Each structure stands twice: as C-alpha cells, then as structure tokens.
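Peer 1: starting from these lines, generate the structure:
(chains A and B)
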Amino acid sequence: MNPTFDSIRIAGPEAVLTAGALVTLMIGTFTGDRGLRALTYVAVLILAIAGFSLMQAPAGVTQYAFGDFYVADSFSSFLKVLIIGAAAASMLLALPYLGDARTGRFEYPVLLMLATLGMCMMVSANDLLSLYIGLELQSLAAYVLAAFHRGESRSSEAGLKYFVLGALASGILLYGVSLVYGFAGTTSFVGISNVVAAAPARSLGILFGLVFIISGLAFKISAVPFHMWTPDVYEGAPTPVAAFFSAAPKAAAMGLLVRVLVVGFGAMALDWQQIVIFLSIASMLLGAVGAIGQSNIKRLLAYSSIANVGFALVGLSAATPKGIEGLLFYLAVYLAMTLGSFLVLLQLRRADGGPVELMTDLSGLSKVRPGLAAAMAIFMFSLAGIPPLLGFWPKFAVFTAAVDAGLWPLAIIGVIASVIGAYYYLRLVKIMYFDEAGVAVISDGGRTNGALIAAAALFCSPIGMLAITPIVSAAGRAAAVVFQVAG
Amino acid sequence: MPLLSLMILLPVLAALVIFILPGGDAQRARVIALGTTLVEFGLGLLLWRDYATDAPGFQFVEKLDLFAPYLSWHLGIDGIALMLIMLSVFLMPLCILASWTSIQKRVPEYMAAFLLMETLMIGTFAARDLFLFYLFFEGGLIPMFLIIGIWGGGRRIYASYKFFLYTLLGSVLMLLAMIYMAGVAQTTDIGELSRFDFAPDVQIWLFLAFFASFAVKMPMWPVHTWLPDAHVEAPTAGSVILAGVLLKLGGYGFVRFSLPMFPDASAHLIWLVFGLSMVAVVYTSLVALVQSDMKKLIAYSSVAHMAFVTAGLFALNTQGIEGSLMMMLSHGLVSAALFLCVGVVYDRLHTREIARYGGLANNMPRYALLFMFFTMASVGLPATSGFIAEFLVLIGLYQTSTWATLVMTTGIILGAAYMLWLYRRVVFGTAAGDDTRAMHDLSTREVVILAPIAAAVLWMGIYPASFQAPMKPAIAAIMTRLDGRELATLPTWLSFSSRAAVVADPATPEAAR
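Peer 2: Alright, predicted model coming up:
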C-alpha cells in the first residue's frame, strides 16, 4: 500500500481532527456565530469519532508513521483518551458561557479542535521536529483562546502575556533542539537514544541541549520556576478557557516530556533526574505556599495546578515504569478534579450578573446549592489528597514510586507540601460550609454541565476507587511501552 | 453473611438516603440516623455473639481484590478490634440521642456526617489491609472537620483547622513508612506484616514515623494541643465521639502496628514513650486543675488518661497491654459520659464556665447522682471500670520501670483532685444565680442516654472478664512477638530494678525460666 496512505491510517485520530477542524471552520464561516451551538455539538461528535478511531489500532502494538516522525502506541493512546475527553468536556462546559453575545463566536470549537490536534501530535511525537510542530499548533490555538474575550482588557492582557512568554519558551526549546541536533546528528528520539547510549562520556553539548529542552517544556506544564504566567493567564482568560488550559494541555505536555526524557535521553537519566526532582520540589512547595494568599478562585486553581504538576513530576523523577504509571494515573484523576472544579464555577453566577471569581462569592453555598457545594467539597478534598477520595491514590502511586526508587527527600518534602496545600483547599470548604451566605449566587449552567459535574464528582468520590484497577492497568501498559523502546 | 462489610456500608447508605431524599426534613433525618445506629448496635451484638472467644487470629475474614494493585477490601477482626467496634456502635446511638434537640441547624447534614463517622470508625478497626486501614483512619478527618466547623462554638474554625492539619501532618509520615513496608515485605496484609521481621535499625525509623501519627491521634504530650481546642468547640456529640472512639485510634495503632511490627524498636524506645507519658500525666493533670471551662478540664483529663494507655502498652507485658486496652474501653465510656453530663447542663444554661454553676444537688438530684458516678469512675474507684484499668496498667508498668510507675501514680492522685474539685464546684455549694437554681432535672431522654453507659461501666468494673476474654488471644500473639527483645538500657532513674534487660513476661510460662 501507499506509505503515505498507510501513515494516515495509523494517525487516524489526527486525520479525523484535521478534516473535522477544516470542515467546521468552513461551515462556521457560512453560519457565523449563530451556528455556535450546533458547531459545538458537531465538534464534540468529531472528537468522539477521533476517540473511537483510537480503538481500530491493534492493541499493544507500536506503529510508526511518516518516516518515524510519528508513533502510535499504548502510551499515546492512553494520553489521547484523556486529551480528547478533556477537550470535549471543555467544549461543552463553555456553552452557557458563550451564550453571552460578546464572547459567543463560532471559532471557539474550531480553535479547541486545532489545539486538540496539536496535543495528539505532541503525545505521538517521535522526533524533535514533530514535537515542535505539535507543540506550536497547540500553543498558537491556546494564545488566541486566552484572548477570546476580545472586549475585555484582562483577557487581551492574558493572551498577550501568554504569547510573549510562550514564544520565549518555544525559542528556548528550539535552541535546545538545535544543540541536540548539532551534537547528536539526529532529531529522532530513537536516534538520540542510540547516540547517548553509545557515548558513555556524555557530550556537554547534548547535556546543554537537554537542559534547554526541559526548560522549554517546563514552561508548557507550568513547573516552577517557569510558572509565572499561569496565575495571570488563568485569571485573565475566560473561565472555560482557563478550565481547558488547566486540563488537556497539561496532560499533553507532560506526556511529551516523559517521552523525550525516557525514550530519547533514557541513558542520561541520572542527569535529568536531578533537574526533574528540582522542578518537582519547587512546584509542590510554591504551588502550596503561593495559593494561601489568593482570594480569586481562578488564581487559586492556577496555583493548585502548579502544585499538581509538581506531584505528577514525582513520578517522572523516579524514572521507573512504576513512576510513569503513577504519573499517568495522576493525570487521569487530576483532569477530572480540575475540570470538575471549574465546572462548578461556571455553573454559578452572581446575582448582579457577574461571573463567580472571588472565593467569598461562594460563601454559604452549601445552604443555597447543597448539591453543587458537595461536589465542590469532593473536588477540594480530592485535590488535597485525603482518602478515601480518589485524589489520594495517584499521590499514593507517585510517592510509592519515589520511595521504591529511594528518593526519600523528595517523598518527605512532597507529603509535607501536600499538608500545606490542604490548608487552602480546606479554606474553600470552610467558606462554602462554615460561613454565612454572602453575595447571593444564582445557578446558571445547563443540564449538560450539571451531568458533567455529577460524573466528575462521582469519579472523585470513594466510588471512583473501583476505577483504580482498569486505569492503573492501562497506565501500566502505557508506561511499559515507553521503557521498551528506551531499553 | 458478610457482617463486617454490612456494618461498614450500612451507615453510608443511610447517610446517602438522608442526603439525597428531597425536603431535608430534620425529624426524618434524626429517625433514620437513630434507627441505623441501633441496627448497627444490633449487628455488633451479633458479631460478639458469634465471635469465638478463645480462638487466636482473625475472624470474620472477608477478602475481595477490588482495588488492585494498591489495596484490597480485606476485613477481619480479633478480640481487640471487636471490643473497640462494640464501643463505637454502643456510643453512636447515644450521640444521636444527645443531639436530638440541641442540634437545630442543618440537621440532615449533621446526621449524615455522624453516620459517615461510624462507617469510618468501624472500617478502621476492621481493616486487615495496610492501606485500607489508612483510608479509614484518615477519612475520619473529613466528617470530623465538618462537625467541628459547622456545629461548633465560637472558635470553631480555628479548632477545625488545627484538628485537621495536625492529624494530617502526623499521618502522611506514617503513610510513607507504610509504603516502604509494603515495598520491602511485598504484602499489604496486616497479619503477614505483623510476622515480618524488619531490620532493627530500619524499625527505629518506621516506628518513629508511625509514632508521629499515633502520638498526634492519641494525643500525647507535646502534640496534644489540638485536643482541648477541638473538644471545646465541638458540639456535645462530637466531643463524645472524639473522646470515646477517635482517641482510641492512636492506642489501637500502637497495639496493631508498632508493637508487633517493630518489636525491637518498641523495646528500644520505651524511654521515649515513658518520658512523654510521665510528663503528660503530671503536666496535663496540673493544667486540668486550673481550668475554668468544664469541657477543657475533661479534655485535659483525657490526655492524662491516654498517657496511662501509652505507658501501659510500652510496659511490654501482658498486664500492661491488657490494662491499657481496658483503659481505652473504660475511658471511652467514662469520658463520653462526662462530656454528655457537661452537655446536659450546657443545653440548659449555654455556658461551660464552672463558676456559673453550683448547688445542682438541690434542683437536679438525679443528675448529681449520675455525674458523681462517672466522676468516681474517672478517678478509678474500685467496682468501676477505671479501677481495673489503672490497676492493671500500674502492675504491668511496675515490672518494667518502677520510677515511671511512681510518677504515673501521682497522676491518679491529681486526677482525683481535679475531678472531685470540679464536682464540688458544680454540684455542691450554692447556686451562682437564679437561672442556675431554675434548671430542671434530667429528662427521660437524658436518663436513657446516661443509664446504659453507667451500666456498662459497672459491668466492666465488677466482671471485667467478659471484656478481657476476647482480647487475651490477641494480646498473647503480640507478646510472642515481643518476647526476648532487648530493652533499652534505661537511665538509672528510670529503671529501678536490675533485672535482665529483655522483655520477659511473667504471665507466659516460658518466661518463668
């Protein structure tokens, strides 16, 4: 068969998404903003098709396409399920918000689909160049989304800030790529791993390139010290967009980081482990401490996402299959928790019509909307990692990996950071349950969002523990694949 | 019939029913909660009836690999767990009754939180899997946080944070130790781990990590400061559960984990436990003497009693451990009853200031009688449960460290001092005001709450064997783990006698050599 045709078949989800994005864009230009609702449903359908097209690939087989630029394996499939699911949720949750005329533009689902395409590309990248293409496609769509609320200066500021800093990070990343290419003579992950493994006395140039690549990617996952943009962008961007940023791109960039480090630079694990450990400790601590002073919920959730990235990186620090398994499990649960929290915010509206953003807006919520308050409390306790909620178990998984790898300081600092972090999650619970009702809050979301909240809350509740076995075994297979290639 | 699973799941289901049924009717929530807790008590009695008293090992074992690879739904009880489960299910309906009229705000949520507490408590005692234990052990924080924070008094928010963060910090270190143990021993089964020999130097670290958690839960001096705050601000029933059952989790942890899993470290670190216990008994008893708040006084007395528990456990002989367990049961009943007694007068006068009371013997004779009975039980009068417990602890402790026994004994004297003085100021003398004089005596509901506890305290004091018998095989199993371990060379001021410095239990025949 024609090799190009074959490649397209292997890259099924990406092909579906490309075609779908172009078609919806074309329809959108004709219908204009009136077609937003219909286009969103079409886009969700296309995402679903892309998701199902993952299943036609033979399970457990690694396939390469486009001259080894692209790889489809259990690892990429696992992450693509998460990414597509989170992207579909991000589309649906935006509908009530976009009903507002100022922001209701048909480009929203199209941009989200393009970003999803970029993210799928990222987790399937098998070469530094395809990595960069995926990353930029996702980032460019994200820059536009951050500034989506055109009439508001905060949103434009967020978009601009994100763009300038993101461009800087991309530059750093590209510089690292060029260094690695210069010293290794190849951009393919497998090629790099051969070069690195063959030369025990490591080239300083490759090491430099590695540091730059990690820095560029650390910006995308908002790990400390490359996190500065996160709170500002989350605060300024429209809430549905902030929800999207906190979920799918984190999973994609994290997957990318894992694949680059483990497959490409697996033989240099001792070198990058210390960098990742530093990123992890710094993110956990700063995420925990930085959130304490916040009064804006979106900023709070931004710091929470920084801390969570730190916890997920604990799994990568271990550099073992068990650690990557924990990281993937962490991502799966984290997406549900963070999307759920944002969904609750979107479901509410202040009595004066403004969006709910300040923590005090939620005071006494448990009396007005007990169901929503209970869901939010579940997400908060779950984010804090209190058993028996599901959020405890991914933390457990990554710390198990760290302890098994003998990384005691990391594990001890990590659990202490989780106790510090518990403080501000508790504060939100306190505001909802202990305080008297303050600003009147009206509920404003659709039924779809209500169902999504219920599903996420159920998943994060102790009942979700029944999902541990299937998710962890899938994550385990995905993690094993990465190490097979590396080994 | 999977009795333990049923006991664990039933309260959750009831809580869901209360929470989900529309309307949020307060009276219906109360009735459902009371009915459920009574059924739980009935199931607990079935459990006791079917429990084979003399058989060693775990009974009612259930195992389902639900949550592989992290943990399994693995339950089972020995005599110690059985007794503590009985204590929990016994106190729970009384708590619901005690809150029947005093809680008027958000009743359905309140009842749901208490039912969740019941699930988590029973789960903690019945868990046979290391991480299942942790799940229930830590899960108790959430409902307790809400109970203190929503229905507490003036400084409830401060108290709820302090309670939550203190206990969480202690527990996460234990979690790391658990993760390490599961990795080394390649099992999460508590029974197997109790037979696994960790290297003695590793044991010290593991012991300290577990100690960080249990000492906070216990609570031991100097990490006890969350307890008075939490107690004072919690509603009456919250205090009852806190003192009656939650404080037992620390002691249960020591018996279940520290002693059998780290016997070398336990024997080696008795100086640490004795030292802290001795300070706790004297210091908190003195602090209790000067309290002007009734609940705070009883809270400090709890810390002192818990110091008896730790000292007795680390006497590392049969009498000491048995006495400590009896102390846990006795304190669970007596302190619960004392908090209920405080609740009775608090409901009438809405203050806990001791100075606002006085002369209650005149207008509340029935109350005065019951309050005196529980005061005496707390002091350790013979024929009450407190006497048996203190006596056994001191006998056990004397064989290990005479000096420690001497110091602990002063705790009994000081205990009598502050309890009797409290009683004198509240019940005798003249009334502080007209409102105090106008307080009416116990209602039928209040008698129904206090009388069963009084009966249980008497039963335990007169015929303790029915409570001790199921625990004996479990204690014997722990002693076989401890036998022959090298004791720490205590400083001379701690070890009076010059006996061989190994654990030698006079109660077991082979130790008579």
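
Peer 1: from the rest of the structure, what touches the helix or strand of chain B with the lowest mean pLDDT?
Peer 2: Here the helix or strand of chain B ranked lowest by mean pLDDT, DSSP states H and E is helix B:434-437, holding a mean of 80. Residues outside helix B:434-437 that contact it (C-beta atoms under 8 Å, 6 or more residues apart in numbering or on different chains) are B:Leu349, B:Arg356, B:Tyr357, B:Gly358, B:Gly359, B:Leu360, B:Asn362, B:Asn363, B:Ala431. Using the backbone N, CA and C atoms, a C-beta is placed for each residue, glycine as well.

Peer 1: confidence score at the first one?
Peer 2: This means B:Leu349. pLDDT, the model's per-residue confidence, is 85 for B:Leu349.

Peer 1: check the last one too.
Peer 2: Predicted confidence (pLDDT) for B:Ala431: 79.

Peer 1: need the three-state assignment for it.
Peer 2: coil (DSSP: H, G, I helix; E, B strand; the rest coil).

Peer 1: surely it touches B:Arg356?
Peer 2: No: counting by C-beta atoms under 8 Å, B:Arg356 is not a contact partner of B:Ala431; they are 9.5 Å apart.

Peer 1: residues from chain B in reach of chain A?
Peer 2: By the rule C-beta under 8 Å from any C-beta of the partner chain, the part of chain B lying against chain A is B:19, B:66-70, B:106, B:109, B:131, B:134-136, B:138-139, B:141-142, B:145-146, B:149-150, B:156-157, B:160-161, B:164-165, B:168-169, B:172-173, B:175-176, B:179-180, B:182-183.

Peer 1: ok, back up a step: in the least confident helix or strand of chain B, what's buried?
Peer 2: If you call a residue buried by 16 or more other C-beta atoms under 10 Å in any protein chain shown, then helix B:434-437 has these buried ones: B:Thr436.

Peer 1: so how many other residues sit close to B:His440?
Peer 2: 9 (other C-beta atoms under 10 Å in any protein chain shown).

Peer 1: helix/strand/coil for it?
Peer 2: Put simply, B:His440 is coil when judged by three-state DSSP.

Peer 1: what's the answer for A:Ala437, then?
Peer 2: Taking three-state DSSP as the rule, one finds A:Ala437 in the coil state.

Peer 1: how near is the residue nearest the centre of chain B to chain A?
Peer 2: Of all residues in chain B, the one closest to the mean position by C-alpha atoms, centre = their mean is B:Lys248, 2.4 Å from it. Distance of B:Lys248 to chain A, given as C-beta to the nearest C-beta, to the nearest Å: 20 Å.

Peer 1: apart from its neighbours in sequence, what residue is nearest that residue?
Peer 2: Nearest residue to B:Lys248, sequence neighbours excluded (C-beta to C-beta, 6 or more residues apart in numbering or on different chains): B:Met328, at 4.9 Å.

Peer 1: in which helix or strand does that neighbour reside?
Peer 2: B:Met328 belongs to helix B:318-349 when elements are defined using DSSP states H and E.

Peer 1: buried sites along the next helix-or-strand element following that helix?
Peer 2: Next helix or strand after helix B:318-349 toward the C-terminus (DSSP H and E): helix B:360-363. Buried residues in helix B:360-363, counting neighbours by 16+ other C-beta under 10 Å, are found at B:Leu360, B:Ala361.

Peer 1: now the element after helix B:360-363, going C-ward?
Peer 2: Past helix B:360-363, further along toward the C-terminus, the next helix or strand under DSSP H and E is helix B:365-379.

Peer 1: now that following helix and helix B:318-349, what's the angle there?
Peer 2: Taking axes from the mean of the first three to the mean of the last three C-alpha atoms, to 10 degrees, one finds helix B:365-379 and helix B:318-349 inclined to each other by 150 degrees.

Peer 1: just give me how far helix B:365-379 sits from the chain centre.
Peer 2: 21 Å (C-alpha atoms, centre = their mean, to the nearest Å).

Peer 1: list the helices and strands it packs on?
Peer 2: For helix B:365-379, the packing partners by 3 or more C-beta pairs under 8 Å, 6 or more residues apart in numbering or on different chains; DSSP states H and E come out as helix B:318-349, helix B:360-363, helix B:385-400, helix B:402-427, helix B:444-462.

Peer 1: need those in JSON lines (columns: distance to B:Ala52).
Peer 2: Shown next, in JSON lines, are the helices and strands packed on helix B:365-379 (distance: least, C-beta to C-beta, whole Å):
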{"stretch": "helix B:318-349", "distance to B:Ala52": "19"}
{"stretch": "helix B:360-363", "distance to B:Ala52": "47"}
{"stretch": "helix B:385-400", "distance to B:Ala52": "24"}
{"stretch": "helix B:402-427", "distance to B:Ala52": "35"}
{"stretch": "helix B:444-462", "distance to B:Ala52": "22"}
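
Peer 1: and the ones you listed, which one is worst for confidence?
Peer 2: If you rank the helices and strands packed on helix B:365-379 by mean pLDDT, helix B:360-363 sits at the bottom with a mean of 84.

Peer 1: which element, helix or strand, includes the residue nearest to the centre of chain B?
Peer 2: Assigned by DSSP H and E, B:Lys248 belongs to helix B:247-253.

Peer 1: how far is the very next helix or strand once past that helix from where the chain is centred?
Peer 2: Next along the chain after helix B:247-253, taking DSSP H and E as the criterion, comes helix B:259-261. Taking the mean of its C-alpha atoms, helix B:259-261 sits 19 Å from the chain's own mean (C-alpha atoms, centre = their mean).

Peer 1: can you tell me the centre-most residue of chain A?
Peer 2: Geometric centre of chain A, nearest residue: A:Lys250, 2.2 Å, by C-alpha atoms, centre = their mean.

Peer 1: phi first, then psi, for that residue.
Peer 2: phi -60, psi -50 (degrees, to the nearest 10).

Peer 1: ok, and the closest non-adjacent residue to it?
Peer 2: Per C-beta to C-beta, 6+ apart, closest to A:Lys250 is A:Ile221, 5.8 Å.

Peer 1: check contacts around that neighbour.
Peer 2: A:Lys250, A:Ala253, A:Met254, A:Leu257, A:Val309 are the contacts of A:Ile221 under C-beta under 8 Å, 6+ apart.

Peer 1: I'd like to know how many residues surround residue 140.
Peer 2: Using chain A here. If we define neighbours as other C-beta under 10 Å, then A:Leu140 has 18 of them.

Peer 1: chain B is the one I meant
Peer 2: 23.

Peer 1: wait, isn't it in contact with B:Val245?
Peer 2: No: look at B:Gly140 against B:Val245 with C-beta under 8 Å: they stay out of range, at 9.2 Å.

Peer 1: hey, what's in contact with both of the two?
Peer 2: With contacts taken as C-beta under 8 Å, 6+ apart, B:Gly140 and B:Val245 have B:Met121 as neighbours in common.

Peer 1: any weak-confidence spans in the chain?
Peer 2: Using chain A here. For chain A, applying pLDDT under 70 flags the ranges A:1, A:100-103, A:200-202, A:438-440, A:443-445, A:485-487.

Peer 1: that's the wrong chain, I wanted chain B
Peer 2: Filtered on pLDDT under 70, chain B yields the residue ranges B:22-24, B:488-513.
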